[in-house]
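1. got a sequence here, can you build the structure:
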Amino acid sequence: MLRKRWKLLVGVILLALLAVFFRYAGTLIVAEDSPEKADLIIVLMGSGPDRILGAVDLYKEGYAPRILMVENWEPGYALLESRGVKVPRDAEIEAMVGTQLGVPEEAFIILPGDARSTQEEALIISRYLQDNPHIDKILLVSSKYHSQRSAIIFRWVIEDAKVLSCPTPYDNFNADSWWRTRQDAKSVVMEYAKLANFYLLDRWR
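-> Numbering: from 1, shown residues only. Here you go, the predicted structure:
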């Protein structure tokens, strides 16, 4: 009888913990620091105009003088280029949006690299920072649901600069009620899967 009661108690506790985790799963993947004066704003690829809008706000508010992006890999780009077709990459399009919003063209830095993941973006930017040791602080702009994982990865890869997570306020991710829409639920599930992949696999490669 006592063993059954213990099993029941453990079961109730586990269910309660699962319920709490379910309730706060959305907020746990959001990392937001107060912006500070920095040397560089980094915009991560993989979303729409919401991220560049957040970066433009930080630039116009005087938090940093430059906005940096890394070219991301997309299927078909290499094939088109081999046939002489020039197609703007996502980073180029984001820079064009930024200039139309009032950011000078010379304020943008676009690094080549065909990055396929956040970790590859971080590694490419890390090499850039090694060649530019005067950069001591960066503002990292991504979507809210992506902000915790991207901050973890960048702080793991980049050791010589302070990384502040400044997710864009323009995405519509609802961290408090993430289960109410299919897109938010998908984002949460994918982020936890990618976090697990980072801790179990990617960080050891």
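
2. how about the helices in the chain?
-> Listed in chain order, the helices of the chain (DSSP state H) span residues 2-28, 50-60, 77-82, 90-100, 118-131, 144-157, 182-200.

3. let's have those in JSON lines, adding mean neighbour count and distance to Ile42.
-> No exception for glycine: its C-beta is placed from N, CA and C like everyone else's. What follows is those, written out as JSON lines (neighbours: other C-beta atoms under 10 Å; distance: least, C-beta to C-beta, whole Å):
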{"stretch": "helix 2-28", "mean neighbour count": "11", "distance to Ile42": "23"}
{"stretch": "helix 50-60", "mean neighbour count": "21", "distance to Ile42": "8"}
{"stretch": "helix 77-82", "mean neighbour count": "11", "distance to Ile42": "22"}
{"stretch": "helix 90-100", "mean neighbour count": "17", "distance to Ile42": "11"}
{"stretch": "helix 118-131", "mean neighbour count": "18", "distance to Ile42": "6"}
{"stretch": "helix 144-157", "mean neighbour count": "22", "distance to Ile42": "8"}
{"stretch": "helix 182-200", "mean neighbour count": "14", "distance to Ile42": "18"}
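
4. can you put the ones you listed in a markdown table and add mean pLDDT and distance to Ser165?
-> A markdown table is the format used below for the helices of the chain (pLDDT from 0 to 100; distance: least, C-beta to C-beta, whole Å):
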| stretch | mean pLDDT | distance to Ser165 |
| --- | --- | --- |
| helix 2-28 | 74 | 14 |
| helix 50-60 | 97 | 11 |
| helix 77-82 | 81 | 29 |
| helix 90-100 | 94 | 19 |
| helix 118-131 | 95 | 12 |
| helix 144-157 | 96 | 4 |
| helix 182-200 | 94 | 14 |
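
5. make TSV from these and add distance to Tyr170 to it.
-> As requested, the helices of the chain are exported to TSV (distance: least, C-beta to C-beta, whole Å):
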stretch	distance to Tyr170
helix 2-28	17
helix 50-60	4
helix 77-82	26
helix 90-100	12
helix 118-131	19
helix 144-157	10
helix 182-200	15
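
6. distance of the nearest residue to Ser150 once chain neighbours are set aside relative to Asp50?
-> Closest residue to Ser150 apart from its sequence neighbours, by C-beta to C-beta, 6 or more residues apart in numbering: Ser142 at 4.8 Å. To Asp50, Ser142 is 10 Å away according to C-beta to C-beta, to the nearest Å.

7. so what's in contact with those two at the same time?
-> Common neighbours of Ser142 and Asp50, counting by C-beta atoms under 8 Å, 6 or more residues apart in numbering, are Thr168.

8. packing partners for the top strand by length along the chain?
-> Counting residues, the longest strand found in the chain (DSSP state E) is strand 108-115. Under the contact criterion of 3 or more C-beta pairs under 8 Å, 6 or more residues apart in numbering; DSSP states H and E, strand 108-115 touches strand 67-72, helix 90-100, helix 118-131.
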